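> Have a look at this fold, sequence not included:
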């Protein structure tokens, strides 16, 4: 099993910043894609930002220019969130996809438990 643990959420005023962290543990051969998603009650989970081993990160239009995703091999993935808005309030989830071993059938797609981000106006 691959476990993901998020941290860094909290309460912040509009215009403020937070940095979320996502640490992966367990048997991991490689991670092909990591991403941050968010969800508010009654709505579907939506992609915020993703990053792969090659290629530029991708961002939801609503966070472009304000959020930055980063990840170095063997280190946690981060989501730096600047100029936060009340509409950014949600539970943020980390996702990782990759392989536990070199065998193709060892693919995994894991989610963390989520961390609450609340932005007050």
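Alright, I've got the coordinates. Because the structure is a prediction, the values reported are computed rather than measured.
> Okay, the residue most central in space within the chain and residue 29: tell me how far apart.
Nearest to the mean C-alpha position of the chain, by CA atoms, centre = their mean, lies residue 36 at 2.4 Å. The gap separating residue 36 from residue 29 is 22 Å, by CB to CB, to the nearest Å. (Each C-beta comes from the backbone N, C-alpha and C, glycine too.)
> And the strands in this protein, which stretches?
Along the chain, counting by DSSP state E, strands occupy 2-7, 10-13, 18-26, 30-39, 46-52, 58-59, 67-71, 77-81, 90-99, 107-111, 115-120.
> in the fourth one, what counts as buried?
The neighbour-count check on strand 30-39 (16 or more other CB atoms under 10 Å) flags 31, 33-38 as buried.
> which one of those is nearest residue 51?
residue 34 (5.7 Å; CB to CB).
> Would you agree that closest one is in contact with residue 70?
No - judged on CB atoms under 8 Å, residue 34 makes no contact with residue 70 at a distance of 9.8 Å.
> quick one: common contacting residues for those two?
51, 77 (CB atoms under 8 Å, 6 or more residues apart in numbering).
> quick one, which of the strands of the chain is packed in tightest?
strand 77-81 (a mean of 23; mean count of other CB atoms under 10 Å).
> Now that one: average pLDDT?
Mean pLDDT, computed over strand 77-81, is 97.
> quick one: strands adjacent to that strand?
Paired strands of strand 77-81, with direction, are strand 18-26 (antiparallel), strand 67-71 (antiparallel) (DSSP bridges).
> can you give me the angle the last one makes with strand 30-39?
Angle, strand 67-71 to strand 30-39, by axes from the mean of the first three to the mean of the last three CA atoms, to 10 degrees: 150 degrees.
> Off-centre distance for strand 67-71?
On the basis of CA atoms, centre = their mean, to the nearest Å, strand 67-71 sits 8 Å off its chain's mean C-alpha point.
> related to what we said a few turns ago, can you add distance to residue 108 and mean pLDDT and give the strands paired with strand 77-81 back as JSON lines?
Shown next, in JSON lines, are the strands paired with strand 77-81 (distance: least, CB to CB, whole Å; pLDDT from 0 to 100):
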{"stretch": "strand 18-26", "distance to residue 108": "8", "mean pLDDT": "96"}
{"stretch": "strand 67-71", "distance to residue 108": "16", "mean pLDDT": "96"}
